[in-house]
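# what's the 3D shape of this:
(4 chains)
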Protein chains: 2
Amino acid sequence: MPSTSSTAGKTSSDGLEFAQPIAQRRNFPLAPTLRDVAARAGVHPATASRALDPARPGRVAPATVRRVRAAAVTLGYRPDPAARSLRTRRSGIVGVVVPDLTNPVVPPIVRGIERILWRAGLACVLADTGEDLQREAELIGELRARRCEGLIVAPAARSSPGLDSIDIPTVLVLRGIDGGTLPLVAANDERGVRAAVAHLRGLGHKRIGHVTGPPSMSTTVRRLRAFQALTDGPAVLGEAFTVDAGALAAARLLRRHPGTTAIIAGCDTVALGCYVAISAAALRCPDDVSVVGFNDIPLVDKVQPPLTTVAVPHYDLGQQAARTLLARMRRDPAGSALLPARLVVRDSTRAP
Amino acid sequence: MPSTSSTAGKTSSDGLEFAQPIAQRRNFPLAPTLRDVAARAGVHPATASRALDPARPGRVAPATVRRVRAAAVTLGYRPDPAARSLRTRRSGIVGVVVPDLTNPVVPPIVRGIERILWRAGLACVLADTGEDLQREAELIGELRARRCEGLIVAPAARSSPGLDSIDIPTVLVLRGIDGGTLPLVAANDERGVRAAVAHLRGLGHKRIGHVTGPPSMSTTVRRLRAFQALTDGPAVLGEAFTVDAGALAAARLLRRHPGTTAIIAGCDTVALGCYVAISAAALRCPDDVSVVGFNDIPLVDKVQPPLTTVAVPHYDLGQQAARTLLARMRRDPAGSALLPARLVVRDSTRAP
DNA sequence: TTGAAAGCGCTAACAA
DNA sequence: TTGTTAGCGCTTTCAA
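Coordinates of the predicted model:
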C-alpha cells in the first residue's frame, strides 16, 4: 500500500521517520519559529512563549526557562513581529512625520526621537511631507493604516487637516497647530526673543525691527507676539524660512524704517537674508545694522560675520517629544513642554 | 427557560436577533475587518479579499468588485498589516541605516530614499548608528528581526561586521565596504577629484595638496587614490570629517610643504578646517592658498570666502539607492552606480 | 508548572 | 465567479 500524504508520528514505507507533526512543515531554513525552539527544549510552544516573556517572569520553572533560553539562542530565534503583532494588537512602530528633512533644524530632532524610541523597543517610520499639508494628511493616513502605536509630528502649518481627528497618541514637536489639544514640545520662543531684545538693548539699540518667517507657522506667530509684547518696533512678514525671502522682507524693512539699527530674524536663514539686504542697501553688519538669528544651525558660526543667534536645543526637543509620546502611550498624563532657548553671542551684533 | 450564551442565528427570548455568527464578535468600534466589509457587501471574506487586491484584477465579477469597494470605503476599511504580513511573509518595511543624521550629507539621501520607497508602498524604518560599528551591527540585527524586506545602509566604516553575512537584499549608499559584493550607490569621486585638479591646474597651480578624512571611510580612500593617480602632491590624513580635524591636518600639510598653493579637502567641513589653518599660518584664502571642498553642503556658499567644491548629488544618491534596492527585491539584476559629481566654482580658488 | 486549544485578520489552494 | 477550508506564528485563556 503506497504511503499517502503524511500521517503524524508514523513510519513510512521507506523506513524514514516522519518527524513532521500533523501539517507539513516549512520545507526549508527560514527563520526558526517558537515551535522549533519548543521542540528543541522539549516543551510545548506555549511554555516556550511564557519562558521567553521577559515582562512577566516566574510563571515557568527556572530549569525550563534555561532550557528554552538555550534553545532560542542556539537557533538564533527571533519572534515574528507580524504574528506577535496580530495577537497582541501592538505594531511596535511609531510614525515620525517631518516637513522637510533637509531643513537643518529637523535632523537633530529626528535623531533625538529615534534614540529614545529605539531604546523603548519601538521602530520609527519616517515620513517627509515636503511642507505639503495634503501630503501630510495622506502620510498620516498611511501611518494609521499601518497601525502605528503613536505619532510624532512636526506639522507643515498651523492648521493641519491630517491632525484634525487623529485617534492615536500624538505629540507635536517644533511647531504647534491652532486650537488643538495635542501636546507640543518646542522651544521657549518668548524667552528667546526676550533674550535677543535684552542683548540688543544692552548694546544700546533703540530701533529694533523684526523680520519673520511665514505666518502660517506657529513659530513665526509666537516669536512675533513676543517681539510685539516687548517693543513697538516694526515687523515685516517673510514669505518663507529662506535666505531669499529673508532678503526681500529685510529690504522692505530697511526701506520703510531707515533708522533701524538692529534686526531680529525669524530664523537663521532669514538672518542670512538680512545680511544680503543690508549689503544691498550699502550698509554693513554689524557696523550699521546688527542681526540676531534663531535656531543656531550648523555653519552660522562660520559665515561672515559669525551670527549671533538664539540657539534652540533641537536634539533635546526630539528626545522630549519621544518621552512625552511614550507617556501618552502609557496613558500617563503628559502635556506640552517649552525647552529653554539661549542666546549665543557672536559678531553680528554690536553697539549702534 | 433562561436564554443561555449565544447560539448562532437564533432569536433570543427578548426578541433581539443575534446577528453574531458562531464566535462572539469584538465588543466595539475597533478598525473594521475584512469580515465587516464582506458582510456589508454580502460576499465571503475571501471574495472581498480578491476584490480589493489591485495587483491581480479580473478574478471577481465587476459588479461584486464595486459592491465590495463601496463597502470598504464607507467603513473606512484598511487591511491589517500584521495579518497580511503574517500571511504573505512580507513586512512592507525596509530599514534605512545611517551613520549620523546630523551629518549634512545624510538628510538629502534619506529623503530621496524615503520618497521612492513610499511611492512603492514601503515604509522606511530609520536607524542612526552614531558612527558606531557595534551599534550598527545591533541595529541591523534589530531590523532583520523585524523582518525588513530590504536594507539600505550608509556604513560607519569600510569594514562593517553587521554586514558580513547579511541575508536580505541590501544596498550600500554613500560609503562602500571592503571586499563585499553588495551594490554601492555613490558619487563618482574619481571624476570629482579630476575636475578639482583640472580646475586648479587651469588656474596655474603646480603644488596641490590633499587633506583627507579618516582612512576608515571608503570615500577617503577613493578620493585619495584618485588624487595620487593624478598628482604627486602631498596628502595628509585627517582624523575625522570635522573642522577641527581638517584644521589640524591642514596645518601639518602647510608646515611640511610650505610651497603648497592649493588644497583639495576630503569634504566641506575639512575644507573649512583648511581655512582655519591657513589663517593660523598668517596666510589668506584664496590669495595665498586655494581650497576646494567636497559635497557642497548647505551654507558653504555663504562662508568667507564662498567655497569652491565638488557637488555631490546626495538626493539622487538616495533615490538611486532606493531604486536599486527595489530591483534587488524583485531579483532583478542591479549593480553599483556612480553618479556624476560636478565642480562648483566659487571664491576659494584663484590663480596662485 | 505545563499542556491543550483557540483565534488574532488575512490570503492561497482547492472545490463547487 | 464564488465559497470553503486551512493556516501563517504567536499569545492567552482554560484545564490538568
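# So which residue is dead centre in chain A?
residue A:110 (4.0 Å; CA atoms, centre = their mean).
# what's residue A:315 in contact with, if anything?
A:108, A:109, A:111, A:112 (CB atoms under 8 Å, 6 or more residues apart in numbering or on different chains). Every residue, glycine included, has its C-beta placed from N, CA and C.
# what secondary structure does it sit in?
Following DSSP: H, G, I helix; E, B strand; the rest coil, the label given to residue A:315 is helix.
# Could you find the residue in the stretch 151-300 of chain A that comes nearest to chain B?
With CB to the nearest CB as the measure, residue A:299 is the residue of the stretch 151-300 of chain A nearest to chain B, at 4.1 Å.
# Figure out the helix or strand that that residue lives in.
Assigned by DSSP states H and E, residue A:299 falls within no helix or strand.
# Compute the number of surrounding residues for the spatially closest residue to it that is not a sequence neighbour.
Nearest residue to residue A:299 in three dimensions, chain neighbours excluded: residue B:299, at 4.1 Å (CB to CB, 6 or more residues apart in numbering or on different chains). Residue B:299: 21 surrounding residues under other CB atoms under 10 Å in any protein chain shown.
# got a list of what residue B:299 touches?
Counted by CB under 8 Å, 6+ apart, residue B:299 has contacts A:272, A:297, A:298, A:299, A:300, A:302, A:303.
# Among those, list the two that are farthest apart in space.
Distance extremes for the contacts of residue B:299: the farthest pair is A:272 and A:298 at 12.8 Å, using CB to CB.
# Can you report how many residues lie near the residue lying closest to residue A:313 once chain neighbours are set aside?
Leaving aside its sequence neighbours, residue A:313 sits nearest to residue A:339 (CB to CB, 6+ apart; 5.5 Å). By other CB under 10 Å, the residues close to residue A:339 number 15.
# same question, the one 10 residues further on
Other residues within reach of residue A:349, judged by other CB under 10 Å, total 25.
# Read off the pLDDT value for it.
pLDDT recorded at residue A:349 is 98.
# my guess is it contacts residue A:292, does it?
Yes - using CB atoms under 8 Å, residue A:349 is in contact with residue A:292, at 6.2 Å.
# related to what we said a few turns ago, OK, contacts around the residue nearest to the centre of chain A?
Counted by CB under 8 Å, 6+ apart, residue A:110 has contacts A:96, A:98, A:101, A:124, A:126, A:318, B:101, B:126.
# Out of those residues, the closest to DNA strand D would be?
Within those, proximity to DNA strand D (CB to the nearest atom of the strand) peaks at residue A:124, which comes in at 21.5 Å.
# Show me the beta-bridge partners of that closest one.
residue A:94, residue B:126 (DSSP bridges).
# any idea how far it is from DNA strand C?
24 Å (CB to the nearest atom of the strand, to the nearest Å).
# what lines up beside the host helix or strand of residue A:309 in the sheet?
Following DSSP H and E, one finds residue A:309 within strand A:308-311. Counting by DSSP bridges, the strands paired with strand A:308-311 are strand A:290-295 (parallel), strand A:342-344 (antiparallel).
# which residues are in contact with it?
A:192-193, A:195-196, A:199, A:268, A:271, A:290-296, A:300, A:341-349.
# can you check stretch A:150-158 too?
The contact list for stretch A:150-158, computed with CB under 8 Å, 6+ apart, reads A:94-99, A:106, A:109, A:113, A:122, A:129, A:131-133, A:136, A:140, A:143, A:160, A:163, A:166, A:168-178, A:216-218, A:221, A:321-322, A:325, A:328-329.
# Is it possible to mark the buried ones in those residues?
Among the contacts of stretch A:150-158, the ones that count as buried by 16 or more other CB atoms under 10 Å in any protein chain shown are A:94-99, A:106, A:109, A:113, A:122, A:129, A:131, A:133, A:136, A:140, A:143, A:160, A:163, A:168-177, A:216-218, A:221, A:321-322, A:325, A:328-329.
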